[in-house]
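Visitor: coords please:
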Amino acid sequence: MTPETRELLMHVSTATLCTALFKRGLRNQFIQDVRPLNPGLPNMVGEAFTLRYMPAREDRNMLSVFQNREHPQRQAVEQCPPGAVLVMDSRKDARAASAGGILLARLMQRGVAGVVTDGGFRDSPEIAQYRMPAYHCRPSAPTNLTLHEAIEINGPIGCGDAPVFPGDVVVGDAEGVIVIPAHLADEVAAEAVEMTVFEDFVQERVMQGHSILGLYPATDVHNHHDFAAWRKACGR
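Guide: Alright, predicted model coming up:
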């Protein structure tokens, strides 16, 4: 992802990105049932770095496993590149935490762009105060070892029913998280910016009492001219 594309994606919504991907036949890129712990932050934008959990087997997941510095969960926290988004496949199971406040604090201090799980986080009240975006299904106090074994770093995963490949571009806002295939990121970002400008114009007209008929979607030539004049006046 280029710096220019990252900057563009900082200013568009996941809803607009969903429409841009829908036009390209991609209908299942929005991660289902995750929400931000800290919705007041700017957009989360970064390339995906993944961690996959499998169901825990009790004889393999005692607290002593964390003494191993090569433990995949610990290594994911230390290997996730600055500017990337750590995306965790927790099988949509929030009965035990995917991670907690200390691990997320480490990611934040390392400059990671954000973190997403289709499970839950423990220490969620503290995470909600962090300056790093974090998305989960719901709070979950039990340690991840209760139900999850971290088994693979940076391979293809599913997160909230969305396919995620390492290097895909992940964007989060107050509404949720969408995954853009890496090869489409530049063109989708550029189109989403244009869509956003037009939708801002439509929103303004609707708030002034205009009908959406002939206005949205853009089918009326008169409205095209009206939009061009509005855009010029706004400097957009």
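Visitor: what bridges to E152?
Guide: R52 (DSSP bridges).
Visitor: tally of neighbours for Q32?
Guide: 14 (other C-beta atoms under 10 Å). No exception for glycine: its C-beta is placed from N, CA and C like everyone else's.
Visitor: quick one, what contacts the nearest residue to G100 once chain neighbours are set aside?
Guide: Distances taken as C-beta to C-beta, 6 or more residues apart in numbering place R122 nearest to G100, at 4.2 Å, with adjacent residues excluded. Contacts for R122 (C-beta atoms under 8 Å, 6 or more residues apart in numbering) come out as 97, 99-101, 139-143.
Visitor: next, format those residues as TSV and append distance to G176, neighbour count and secondary structure.
Guide: Below are the contacts of R122 laid out as TSV (distance: C-beta to C-beta, whole Å; neighbours: other C-beta atoms under 10 Å; DSSP: H, G, I helix; E, B strand; the rest coil):
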residue	distance to G176	neighbour count	secondary structure
A97	20	27	strand
A99	19	30	strand
G100	22	18	coil
G101	22	19	helix
P139	17	16	coil
S140	19	24	coil
A141	23	13	coil
P142	25	14	coil
T143	26	16	coil
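Visitor: which of those residues lies closest to E191?
Guide: For these, the closest approach to E191 (C-beta to C-beta) belongs to A99, at 34.1 Å.
Visitor: could you report the pLDDT at the closest one?
Guide: Note for A99: predicted pLDDT of 97.
Visitor: swap in V221?
Guide: For V221, the predicted pLDDT is 56.
Visitor: just H224 next, same as before
Guide: H224 is given a pLDDT of 70.
Visitor: can you report how many residues lie near it?
Guide: Other residues near H224 come to 12 when the count uses other C-beta under 10 Å.
Visitor: and it, how far is that from A190?
Guide: Per C-beta to C-beta, to the nearest Å, H224 is found 20 Å from A190.
Visitor: in this protein, which spans are strands?
Guide: Assigned by DSSP state E, the chain shows strands spanning 35-36, 44-55, 85-89, 97-99, 114-117, 120-121, 134-136, 148-153, 157-159, 162-164, 169-172, 177-180.
Visitor: chain neighbours aside, what residue packs nearest to I178?
Guide: T14 (4.6 Å).
Visitor: the one you found: neighbouring residues, count only.
Guide: Neighbour number of T14 under other C-beta under 10 Å is 21.
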